[in-house]
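*Asks:* Sequence and predicted structure are below.
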Amino acid sequence: MEGRFSPRPTTVLGARVASHTCAVCAYQAKAHPGRDYSGGSRRRRVSPHLLPTLDPVWENAIRDWLIPLNLDTNHGYAKEPVVNSELVKRRAVLKKRMAHLHRLAAQSRKRLRQMRMSDQVREEQVVSWEHRQQELLAQVAALETLGQSDEPGLLAIKAQQVEAEWEVHHRRVLLAATSVAGKRELNHCERSCRALRHVLRQQEDLQACEREMQELDNTKDQIMTLLKVGLANLGMWVRDHYFGASYQSCGWERLVPFFQLSGWVTATQTEVRLDFSPFNHRAMGRDLQELCRTVNASEVHLPDGRRLVLTVGQQRSRRFDGPLANTG
């Protein structure tokens, strides 16, 4: 069985590493042997010859292997939408304020309607009392013209006329007071409506700036962290066992071109042959050939028992003088 493989650029996502206690403690213990970095309350002196000698490769493992694999980034593989409590509080306050303003405006409108109805009644009463006053004045003038000023009924008519005049004056005073109260109530209603419009604009602004919030489940991020650490260990193991001496102190970025090589896969019953496309760089091409010789000499076998064979194919040349494609 034969097939071509063309690996895509390596993209590995992961979560933020909380701490690297072991590496940090070991590095600090190497620098300060008399200190205890294990988190205990007792201080013990450690003999310098008992401490393991840290290789510079391991001291830079975080910088050269884990950070290039984006281990310090929390991507959030499992997200659940949650409610923004701050926005809920602000929305509840605005809703309560809006209901209060609606109630104040409705009460002001109700009082204004009642004032208008009472004004209409008082205006009708003023008209009727004025008409009554004019009738009484006409009767008094008629009796005085006839020379009947000593009549006992004239005094009663004058008393009724004075009463009608007082009723007209009283109704006009009530109309003036109602007019002042109506203007005050109208101003209060306008202030309530103005504040209500301001609250509505605040609600629109709050809705415009609202963003969806999500709660992260770090379980999958922690699993990806373990997988990345395993991938880094696998890369270092491959480097230490099969790459040359010049690669023994290199990091992930230098080995990526080898892991991204394309080529052909040929599978038989006894072996799996990987035919890599060669590098254009001569030095890297020589390193690739050395890598193939080392793997082939080690007789690496896959889990199913078949032998893994690595070869370097020929550089495929491109022809620029070939026939043009038929575009008609």
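*Replies:* Right, received. Where do you want to start? Residues are numbered from 1 along each chain as shown.

*Asks:* What is the neighbour count of residue 269?
*Replies:* A count of neighbours around residue 269, defined by other CB atoms under 10 Å, yields 7. No exception for glycine: its C-beta is placed from N, CA and C like everyone else's.

*Asks:* What segments of the stretch 51-200 of the chain are helices?
*Replies:* Counting by DSSP state H, counting those that start in this stretch, the segments of the stretch 51-200 of the chain that form helices are 56-59, 61, 85-145, 152-208.

*Asks:* Would you mind putting the ones you listed into TSV with mean neighbour count and mean pLDDT alongside?
*Replies:* Output for these, formatted as TSV (neighbours: other CB atoms under 10 Å; pLDDT from 0 to 100):
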stretch	mean neighbour count	mean pLDDT
helix 56-59	13	47
helix 61	20	63
helix 85-145	14	88
helix 152-208	14	88
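
*Asks:* between those, which gets nearest to residue 260?
*Replies:* Relative to residue 260, the nearest member of these by CB to CB is helix 61, separated by 21.5 Å.

*Asks:* export the helices of the stretch 51-200 of the chain to JSON lines and tack on distance to residue 290?
*Replies:* Shown next, in JSON lines, are the helices of the stretch 51-200 of the chain (distance: least, CB to CB, whole Å):
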{"stretch": "helix 56-59", "distance to residue 290": "20"}
{"stretch": "helix 61", "distance to residue 290": "24"}
{"stretch": "helix 85-145", "distance to residue 290": "61"}
{"stretch": "helix 152-208", "distance to residue 290": "62"}
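
*Asks:* what sits against residue 239?
*Replies:* Residue 239 makes contacts with 247, 248, 250, 255, as judged by CB atoms under 8 Å, 6 or more residues apart in numbering.

*Asks:* hmm, which of the residues you listed are the buried ones?
*Replies:* Using 16 or more other CB atoms under 10 Å as the burial test, these include 247, 255 as buried.

*Asks:* Let me know the closest of the contacts of residue 239 to residue 81.
*Replies:* Ranked by distance to residue 81 (CB to CB), the contacts of residue 239 are led by residue 255 at 40.1 Å.

*Asks:* how near is the closest one to residue 234?
*Replies:* To residue 234, residue 255 is 11 Å away according to CB to CB, to the nearest Å.

*Asks:* cool, and residue 67?
*Replies:* In this view, residue 67 and residue 234 are 17 Å apart by CB to CB.

*Asks:* higher neighbour count, these two?
*Replies:* Higher neighbour count among residue 67 and residue 234: residue 67, with 15 against 10, using other CB under 10 Å.
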